[in-house]
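Visitor: Using only what follows, build the 3D model:
(chains A and B)
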Amino acid sequence: MYIIVVGGGKVGYYLVRELLETQQEVLLIEENPIRCAEVAQELGDAVVMQGDGCEASTLERGGAGRADLVIAVTGDDEDNLVVSQVAKHRFSVPRAVARVNNPKNELIFRKMGIDTTVSATSVILAQIEQELPVHRLIPLMALKGSDLEIVEVKIPPDAAVVGKPIRDLLLPHQSLIPLIVDADGQPRVPTSDTIIHAGDEVVAVTMRETESALRAALTARSIKHLR
Amino acid sequence: MKVIIMGCGRVGAELALMLEREGHDVTVLDIDPAAFGPLGYLSEEFRGTRRVANGIDQDALRRAGIEQADAFVSATRGDNRNVMACQIAKHVFKVPRVVSRVFDPIREEMYRSLGLRTINPTRIQASLMKEVLQREEEPAPSPG
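Guide: Numbers count the residues shown, from 1 in each chain, chains lettered A, B, ... in the order given. Presented below is the predicted three-dimensional model:
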């Protein structure tokens, strides 16, 4: 497998080192020549290439045309998005993985068809989420000319709705669930029989004023979890 | 028309004033507060909204009123910021009219093929200059 990693900061450097240990063919593209020299000294000249990974010419020089995987891990989301899009659309790289620094940007990466995003912020948030008082409800868009909006709610593992079919949910007035993305990222249009699972991302249409009621309906803890 | 312009450099500032003079509701965003100061390019005559904000942050865009915007323009120095902001405006907030400046001709071509409305100053300026040079290369018509 040929893997190109763009961004030679701490994440990129340790990632390349780990990948090399798994006997993969790896190339690190880094813009800063001084950083390149440092990494080359540690990992060898063949592993590092100096250049702007957002430029198609750099990726071409790095052999993106035969890459199986491009991983964009710079500190800037805009650069990671462009690297992934150029890899996918210009070089038809089968898989692109991007680091997302601002977790709210995961949405746009997903909408633009980037296979996998990794956000350290989200990972840490997920680890401590049970200790946070409120589960997040992410507004996706407002429907023009109405008070309706589309929101996303992640179903926490201890929610009372886990294991229940949609028809048993007590949703607020003017709310409905047109889409569920399961924990594996598989989207499906639910029927009234669809069972809610922990980790599902539920996309719901709701009125702005019933947003908090909707969140409560989907994320409230079940009685057996209450102490 | 409510327009949001990201990037208050020469182009952003010029466009903001032009649109505002035609009676549009214009908001200009820049991450650098100095862009709106005395050394910035935006005219004091500009009566629209100035906002220190990061145009690739969805919360900041929402606060700038992107949900009500009819148009979004990105004109920062960074191609990647520009295309990312425009993709957020178009795909997350469904702004009807979105235009992005992209200096790199290769990136511009790719994003155009992906359906983004783009302007590539590099190619436009080069072809304009070429046109002027070629016109002046022609021998002047001899008198009589």
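
Visitor: Any chance you could give me the longest helix anywhere in chain B in PDB, C-alpha atoms only?
Guide: When chain B is parsed with DSSP state H, its longest helix is helix B:121-137. Output of helix B:121-137 as PDB, limited to C-alpha atoms (Å, rounded to 0.1, in the frame of the first residue of the first chain):
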ATOM      1  CA  PRO B 121      -7.300  36.500 -11.300                       C
ATOM      2  CA  THR B 122      -4.100  34.800 -12.500                       C
ATOM      3  CA  ARG B 123      -5.400  33.700 -15.800                       C
ATOM      4  CA  ILE B 124      -7.600  36.800 -16.300                       C
ATOM      5  CA  GLN B 125      -4.700  39.100 -15.700                       C
ATOM      6  CA  ALA B 126      -2.300  37.100 -17.800                       C
ATOM      7  CA  SER B 127      -4.600  37.000 -20.800                       C
ATOM      8  CA  LEU B 128      -5.500  40.700 -20.500                       C
ATOM      9  CA  MET B 129      -1.800  41.600 -20.500                       C
ATOM     10  CA  LYS B 130      -1.100  39.300 -23.400                       C
ATOM     11  CA  GLU B 131      -3.900  40.900 -25.300                       C
ATOM     12  CA  VAL B 132      -2.500  44.400 -24.700                       C
ATOM     13  CA  LEU B 133       1.000  43.400 -25.700                       C
ATOM     14  CA  GLN B 134      -0.200  41.700 -28.900                       C
ATOM     15  CA  ARG B 135      -2.300  44.700 -29.800                       C
ATOM     16  CA  GLU B 136       0.700  47.000 -29.400                       C
ATOM     17  CA  GLU B 137       3.000  44.600 -31.300                       C
END
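
Visitor: Is any residue of it near chain A?
Guide: No. Between helix B:121-137 and chain A, judged by Cβ under 8 Å from any Cβ of the partner chain, nothing touches; the nearest distance is 13.3 Å. (Each C-beta comes from the backbone N, C-alpha and C, glycine too.)

Visitor: what's the worst-scoring helix or strand of chain A on mean pLDDT packed up against?
Guide: For chain A, counting by mean pLDDT, DSSP states H and E, strand A:137-142 ranks last in confidence among helices and strands (a mean of 72). Counting contacts by 3 or more Cβ pairs under 8 Å, 6 or more residues apart in numbering or on different chains; DSSP states H and E, strand A:137-142 packs against strand A:148-154, helix A:211-219.

Visitor: Test for you: state the pLDDT assigned to A:I114.
Guide: Looking at A:I114, its pLDDT is 88.

Visitor: Run a quick neighbour tally on it.
Guide: A:I114 has 23 neighbouring residues, counting by other Cβ atoms under 10 Å in any protein chain shown.

Visitor: I'd like the distance from stretch B:112-123 to the chain centre, please.
Guide: Centre-to-centre, stretch B:112-123 and its host chain are 12 Å apart (Cα atoms, centre = their mean, to the nearest Å).

Visitor: For chain B, what lies in contact range of chain A?
Guide: Going by Cβ under 8 Å from any Cβ, the residues of chain B near chain A are B:56-59, B:67, B:78-81, B:83-84, B:87-88, B:91-94, B:104, B:106-107, B:110, B:113-114.

Visitor: so where do the strands sit in chain B?
Guide: Along chain B, counting by DSSP state E, strands occupy B:2-6, B:25-30, B:49-52, B:71-74, B:97-101, B:118-119.

Visitor: What strands line up against the fourth one, and which way round?
Guide: Strands adjacent to strand B:71-74 in the sheet, as given by DSSP bridges, are strand B:2-6 (parallel), strand B:97-101 (parallel).

Visitor: The residue sitting nearest the centre point of chain A pairs with what?
Guide: For chain A, the residue nearest the mean C-alpha position is A:T117 (3.5 Å; Cα atoms, centre = their mean). Beta-bridge partners for A:T117, by DSSP bridges, are A:A98.

Visitor: dump the residue contacts of it.
Guide: A:V97, A:A98, A:R99, A:V100, A:E106, A:F109, A:R110 (Cβ atoms under 8 Å, 6 or more residues apart in numbering or on different chains).

Visitor: what comes up buried for stretch A:185-199?
Guide: Neighbour counts over stretch A:185-199 (16 or more other Cβ atoms under 10 Å in any protein chain shown) mark A:P190, A:T194, A:I196 as buried.

Visitor: No more questions from me, cheers.
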